[in-house]
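Visitor: Below are the sequence and a predicted model for it; my questions follow.
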Amino acid sequence: MMLLQKSAILSAILALSNSSSEAFSPSRTGRAITRIHSTTEEPPTITPGQVVVDLVPPSAIDSSSTANLFDTRVQKTYGRYPITFVKGEGCVLTDEDGKEYLDFVSGIATCALGHSNPALTKAVSDQMASLHHVSNLYYTPQQGQLAAWLCENSCADKVFFCNSGAESNEAAIKLARRHAYNRGITDPVIITAESSFHGRTLATVTATAQPKYHKGFTYGGEMVRGFRYTPYNDEEALKKLVEEINTTPEEDAKAGRKRGLAAIMLEPLQGEGGIRPGTPSFFQTARSLCDQSGALLMCDEVQVGMGRSGSLWGHQQLDVTPDVFTSAKALGGGVPIGAMLARGEAADVFGPGDHASTYGGNPLACAAGLAVATYLSENDVLSNVRARGEQLSRGLEKIAVKYPTVLGEVRGWGLLKGVAIRDDAGCTAAELVGDAMKQGLLLVAAGPSVVRFVPPLIVNESEIDDALKRFEAAIAARVS
């Protein structure tokens, strides 16, 4: 009997093996092809029914023109400058032609330790050689250690890890809704500020109170429901809106529904909205309204957090304590990672299955985060941010005085600074960024009329002076 069973199993395996082999045979309905071609030939077109036997290796693809690959193979979601970078060290980037640029963009406030930082490079390389990903089904030391560091250096009690700023804010939005649900609210409303920016997912772009980002993504003219907008730094407008939200319409109340404030979600300093710092009184009002309503005060720290303001967290500049705040960008020094941090009862809203992220908090990303955390802690980086930030402000103010027909107010915190372009300057912020690029200085616009300076947090005094000289040369060339 045992021999018969073994024989039957063996026959089944052989049958399966034969059928698998036939799946790749030209005699089948699906015509098998071998994809081998030179870098100059067009790859063969794959039609329905064909089975690919050999993959095209990256080495066989014509990569002589990076710009051409982007034009033909990358979706055009960005308007890119015509530069291809191949190397970076410290605050300097080098393009494919060997030209060097002083980098005051730092990956849009992301490369906090600059480029090719030895400590970050070693941490990531060592971790990759050990263990880089296993999912969140198991414990990993790096995630626990980074969560502990973040909580020890903030008001937070617990952390949820993900991969980006948008995901961090998405997690905060979901947490706010679940928290409101637990309080019996069926129609939870989250307030965000006009000119804000919170991400590109459908919920976070809805939270982003800028209509230009909503165009083409509505359903029946509506974005995701449950968001209302208020002017930034306007306390009275915020009070009136909260009062309205906390009053359930009579018809809805009769139907058993309850509307209420779930959260107020604010950037301590609006980055994409033009480098506009919040005022302490506005944030304290928001804190008070949340306390009165049982709602959550949530701070989007994706750009301003992790030391860029001169303190570790931007809300510390405003002397306010949020219930939830988010981080990304500089958290991994350029390695993708995001975090949503919460304190008190907000830290225990989510249970298993309520939210998740496959890659979130994996050993590789958290090793990068720990390297950034260690460097900030052991090298007094925050003092450098404050000193270099003051130097940058003074220099920009002098240039603005010298060219009053072009430049206006200088504003911001630490190494997140912006200089406004006058309405009658005859140029946009993006055009000035292009002018600076010709001088070997990389900057980034913050809206149509503000030029943003966000260098690595390790930038030194001479590099600030160099950047100011290059920026002034760009202005002088334009007005001459």
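Guide: Looks like it came in fine.
Visitor: Could I have the CA atoms of stretch 193-205 written out in CSV?
Guide: The C-alpha trace of stretch 193-205 is given here as CSV (Å, rounded to 0.1, in the frame of the first residue of the first chain):
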residue,chain,number,x,y,z
ALA,A,193,-4.9,75.6,7.4
GLU,A,194,-5.1,77.4,4.1
SER,A,195,-1.9,77.2,2.1
SER,A,196,-0.9,74.1,3.9
PHE,A,197,0.8,71.0,2.4
HIS,A,198,0.4,67.5,3.9
GLY,A,199,1.1,65.1,1.1
ARG,A,200,-0.1,63.6,-2.2
THR,A,201,-2.3,60.7,-1.1
LEU,A,202,-6.0,61.3,-1.7
ALA,A,203,-6.6,62.0,2.0
THR,A,204,-3.5,64.1,2.6
VAL,A,205,-3.9,66.1,-0.6
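Visitor: Buried residues in it, which are they?
Guide: 193, 195, 196, 197, 198, 199, 201, 203, 204, 205 (16 or more other CB atoms under 10 Å). C-beta here means a position set from N, CA and C on the backbone, and glycine is covered the same way.
Visitor: And for stretch 353-372?
Guide: Using 16+ other CB under 10 Å as the test for burial, stretch 353-372 gives 355, 357, 359-372.
Visitor: Can you list which of the buried residues of stretch 193-205 are found in strands?
Guide: Those of the buried residues of stretch 193-205 mapping onto strands are residue 193, per DSSP state E.
Visitor: returning to what we had before: which two of the buried residues of stretch 353-372 have the greatest separation?
Guide: Spanning the widest gap among the buried residues of stretch 353-372 are 355 and 371, at 26.5 Å by CB to CB.
Visitor: which residues in this protein form helices?
Guide: Taking DSSP state H as the test, the helices found in the chain are 2-22, 66-73, 106-109, 118-128, 141-152, 165-182, 202-207, 235-245, 250-254, 280-293, 363-378, 381-402, 429-438, 461-479.
Visitor: Turn the ones you listed into a markdown table, columns for mean pLDDT and distance to residue 335.
Guide: Listed next are the helices of the chain as a markdown table, based on pLDDT from 0 to 100; distance: least, CB to CB, whole Å:
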| stretch | mean pLDDT | distance to residue 335 |
| --- | --- | --- |
| helix 2-22 | 42 | 40 |
| helix 66-73 | 95 | 22 |
| helix 106-109 | 98 | 11 |
| helix 118-128 | 98 | 6 |
| helix 141-152 | 98 | 12 |
| helix 165-182 | 98 | 14 |
| helix 202-207 | 98 | 21 |
| helix 235-245 | 98 | 37 |
| helix 250-254 | 96 | 46 |
| helix 280-293 | 98 | 31 |
| helix 363-378 | 98 | 4 |
| helix 381-402 | 98 | 17 |
| helix 429-438 | 97 | 26 |
| helix 461-479 | 97 | 23 |
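Visitor: hey, which of the ones you listed is tucked in deepest?
Guide: When the helices of the chain are scored by mean count of other CB atoms under 10 Å, the highest mean neighbour count falls to helix 165-182 (a mean of 24).
Visitor: got a list of contacts for that helix?
Guide: With contact meaning CB atoms under 8 Å, 6 or more residues apart in numbering, helix 165-182 is reached by 160, 162, 188, 190, 198-201, 203-204, 207, 226, 260-263, 265, 295-296, 298, 300, 302-303, 324, 326-329, 338-340, 342, 345-346, 349-350, 354-355, 357, 360.
Visitor: Check these for burial and list the buried ones.
Guide: In the contacts of helix 165-182, burial by neighbour count holds for 160, 162, 188, 190, 198-199, 201, 203-204, 207, 226, 260-263, 265, 295-296, 298, 300, 302-303, 324, 326-329, 338-340, 342, 346, 349-350, 355, 357, 360, counting by 16+ other CB under 10 Å.
Visitor: Narrow those to those in strands?
Guide: Cross-referencing the buried ones among the contacts of helix 165-182 against strands under DSSP E gives 160, 162, 188, 190, 260-263, 265, 296, 298, 300, 324, 326-327, 338-340, 342.
Visitor: follow-up on the earlier one: residue 320 is nearest to which of the helices of the chain?
Guide: When the helices of the chain are compared by CB to CB, helix 280-293 sits nearest residue 320, at 4.3 Å.
Visitor: quick one: that closest one to helix 235-245, angle?
Guide: 20 degrees (axes from the mean of the first three to the mean of the last three CA atoms, to 10 degrees).
Visitor: could we number from 31 for the rest of this?
Guide: Yes, from this point I'll number from 31; that puts the last item at helix 310-323.
Visitor: elements contacting helix 310-323?
Guide: helix 265-275, strand 289-296, strand 326-330 (3 or more CB pairs under 8 Å, 6 or more residues apart in numbering; DSSP states H and E).
Visitor: Save these as TSV, and put in distance to residue 148 too.
Guide: Below are the helices and strands packed on helix 310-323 laid out as TSV (distance: least, CB to CB, whole Å):
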stretch	distance to residue 148
helix 265-275	46
strand 289-296	37
strand 326-330	31
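Visitor: Identify whichever of the ones you listed lies nearest to residue 104.
Guide: strand 326-330 (28.1 Å).
Visitor: Relative to that closest one, what are the paired strands and their orientations?
Guide: Paired neighbours of strand 326-330 in the sheet (DSSP bridges): strand 289-296 (parallel), strand 354-357 (parallel).
Visitor: could you dump those to TSV with distance to residue 121?
Guide: Formatted as TSV, the strands paired with strand 326-330 follow (distance: least, CB to CB, whole Å):
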stretch	distance to residue 121
strand 289-296	31
strand 354-357	23
